[in-house]
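S.K.: only geometry, no sequence info:
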């Protein structure tokens, strides 16, 4: 079966950095768009970033553009989210996701990881 496993979450001070990774198995990774969403306590899940199956195109939420970078390695079946200049408002559970449509809509994604907590505090 398909499995997406996130790692790399943790706690940092405002302005710090974290690197999230997602290891995928059970699917033809190079055919899938990969994305990251996040959900803060009491809020809806929101789009963070996505990357096309080839890695040629990316998309970012306005709130993270210039600070977060999504990348992928199709040889290793992994997608990474480099997070720099973290702010308290970035605090959330971050989810890795896979789908066949390049979209900011969570409904377009078929598979989800369990999530990893990111906390940025001042």
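M.R.: Okay, I see it. None of these values were measured; they are calculated from a predicted model. Numbering: from 1, shown residues only.
S.K.: pick out the residue nearest the middle of the protein.
M.R.: Centroid-nearest residue in the chain, with Cα atoms, centre = their mean: residue 36, separated by 2.4 Å.
S.K.: and the nearest residue to it once chain neighbours are set aside, which helix or strand is it part of?
M.R.: Among residues not flanking residue 36 along the chain, residue 48 sits closest, at 4.3 Å (Cβ to Cβ, 6 or more residues apart in numbering). Every residue, glycine included, has its C-beta placed from N, CA and C. When elements are assigned from DSSP states H and E, residue 48 belongs to strand 46-51.
S.K.: neighbouring strands for the helix or strand following that strand, and are they parallel or not?
M.R.: As assigned by DSSP H and E, the chain's next helix or strand after strand 46-51 is strand 58-60. If you go by DSSP bridges, strand 58-60 pairs up with strand 46-51 (antiparallel).
S.K.: quick revisit: what about the residue nearest to residue 36, neighbour count?
M.R.: For residue 48, the count of nearby residues is 25 (other Cβ atoms under 10 Å).
S.K.: could you do residue 44 as well?
M.R.: Count around residue 44 with other Cβ under 10 Å applied: 8.
S.K.: where does it sit: helix, strand or coil?
M.R.: coil (DSSP: H, G, I helix; E, B strand; the rest coil).
S.K.: over to residue 104?
M.R.: Here residue 104 is recorded as coil under three-state DSSP.
S.K.: from residue 61, how far off is the residue nearest to it when sequence neighbours are not counted?
M.R.: In space, and not counting its chain neighbours, residue 104 is closest to residue 47: 4.2 Å by Cβ to Cβ, 6+ apart. According to Cβ to Cβ, to the nearest Å, residue 47 stands 5 Å off from residue 61.
S.K.: comparing these two, which residue is more hemmed in?
M.R.: Remark: of residue 47 and residue 61, residue 47 carries more neighbours, 20 against 16, as counted by other Cβ under 10 Å.
S.K.: residue 107 is in contact with that one, correct?
M.R.: No. Taking contacts as Cβ atoms under 8 Å, residue 47 lies outside contact range of residue 107: 11.2 Å.
S.K.: let me see the contact set for residue 1.
M.R.: Going by Cβ atoms under 8 Å, 6 or more residues apart in numbering, residue 1 touches residue 26.
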